[in-house]
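When you get a sec, could you give me coordinates for this:
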Amino acid sequence: MKRFIGYLIGLVLFYAPFALYQKFLFYLLGKTNYADIHDFCLRIPLEHIWRGRIFEQFTIETITMFLFISSAFFLGPFFCGRLCIAGALGEYLSQLIPHKIQINWTRYIDPAPVRYGILIGFLLSPLIGGYLACAFCNYRLIEAGIFYIFMGERTVLSSSVLFTAILWLGLFGLFTRGGRGFCNFICPVGAAQNLIHWLGSKFSFVLRLKINHSHCIQCGKCVDRCPMGALQIQKNMLHHHAHHCITCKQCIESCPVKAISYTTEKKSLKHQEVNLCNKK
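This next block holds a predicted model:
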């Protein structure tokens, strides 16, 4: 329920006609622009980094990228796991489909090389004259749907929009175990967050997912609950794949023996020391 409420908050904060986040920043910056998803979209500043445009002036892009990088560094993919309605929609809709007709992609393909390869191509495209920020954008697709529901405004259905809908909500949504196939393989924003968090996790004061293997009973409940397939039991041990985990904490809630936690390295070591002392 907490995650669902978080996604509703993300919907109101970032998507027009609400877009409260953008409108608030426009107010602080003394601007009166019409706010929509393009002002917030994290894909656009990712491309602008190479061109240096994001650092030219203090804009919504600059503020958003600072918040994006700092939250991913210290908290993990917080935006993906708590606020991104685009990812959540596929996840929740997939729960309507029986598992037996869904594809568990992570059993056959390691998402990390694919998603980081797409991220690299996405970032390098401006250097060769390309522009991919708006290609296959499910952010814009959701906003168009909101305008249709609340305002009756029809959006022209282009071939790329239809393809995005089929790919995002169809193949990688309804018919993917967990409903997060689009997030796992295609989304450059998610890949960037995981890469930043992986770098951040090298520091002991940064929050990360921790598994207490001495407590884990390999029941598999966390594996079944993880929408990203970031947890797998291999050789009688639970493995966590940080490069495609969105720290949604579904695994923590499902663990019957509390073997998984979301904590810093310092706190984890301190907790282990306390347990050792208690056993003695």
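
what about stretch 22-39, start to end distance?
7 Å (C-alpha to C-alpha, to the nearest Å).

Could I get the buried residue list for that stretch?
Residues of stretch 22-39 classed as buried under the neighbour-count rule (16 or more other C-beta atoms under 10 Å) are 22-23, 25-26, 35-39. In short, each C-beta sits where N, CA and C put it, glycine included.

In a markdown table: the residues you listed, plus pLDDT.
Shown next, in a markdown table, are these (pLDDT from 0 to 100):
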| residue | pLDDT |
| --- | --- |
| 22 | 93 |
| 23 | 93 |
| 25 | 92 |
| 26 | 92 |
| 35 | 88 |
| 36 | 86 |
| 37 | 87 |
| 38 | 84 |
| 39 | 83 |
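
So which of those residues belong to helices?
22-23, 25-26, 37-39 (DSSP state H).

Turn those into JSON lines, columns for distance to residue 219.
Below are these laid out as JSON lines (distance: C-beta to C-beta, whole Å):
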{"residue": "22", "distance to residue 219": "44"}
{"residue": "23", "distance to residue 219": "46"}
{"residue": "25", "distance to residue 219": "45"}
{"residue": "26", "distance to residue 219": "49"}
{"residue": "37", "distance to residue 219": "41"}
{"residue": "38", "distance to residue 219": "45"}
{"residue": "39", "distance to residue 219": "45"}
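
about what we covered before: what is the nearest of the buried residues of stretch 22-39 to residue 213?
residue 37 (42.2 Å; C-beta to C-beta).

of the ones in helices among the buried residues of stretch 22-39, closest to residue 16?
Nearest member of these to residue 16, counting by C-beta to C-beta, is residue 37, at 6.5 Å.

Please name the residues that touch the closest one.
14-16, 19, 139-140, 142-143 (C-beta atoms under 8 Å, 6 or more residues apart in numbering).

Residue 70: how many residues sit nearby?
By other C-beta atoms under 10 Å, 12 other residues sit near residue 70.

how near is it to residue 98?
41 Å (C-beta to C-beta, to the nearest Å).

Would you state the strands of this protein in chain order?
208-211, 231-234, 237-240, 260-263 (DSSP state E).

highest average neighbour count across these?
Greatest average neighbour count among the strands of the chain goes to strand 208-211 (a mean of 20), per mean count of other C-beta atoms under 10 Å.

Just the mean pLDDT for that one, thanks.
For strand 208-211, mean pLDDT is 93.

from the chain's centre, how far out does it sit?
Between the centre of strand 208-211 and the centre of its chain there are 17 Å (C-alpha atoms, centre = their mean, to the nearest Å).

partner strands of it, parallel or antiparallel?
strand 260-263 (antiparallel) (DSSP bridges).

which residues are contacting the partner strand?
207-212, 216, 222, 247, 249, 251-252, 268, 271.

to the chain's geometric centre, what's the distance from it?
The answer for strand 260-263 is 18 Å, by C-alpha atoms, centre = their mean.

Pop the domain breakdown of the chain in here.
Following automatic domain parsing, one gets these domains for the chain: 2-200, 208-279.

if we can go back for a sec, could you point out which of the contacts of strand 260-263 is nearest to residue 60?
Closest to residue 60, out of all of the contacts of strand 260-263 and judged by C-beta to C-beta, is residue 247, at 25.2 Å.

Retrieve the pLDDT associated with the closest residue to that closest one other than its chain neighbours.
The shortest distance from residue 247 to any non-neighbouring residue, by C-beta to C-beta, 6 or more residues apart in numbering, is to residue 76 (3.7 Å). For residue 76, the pLDDT comes out at 92.

Brilliant, that's me finished.
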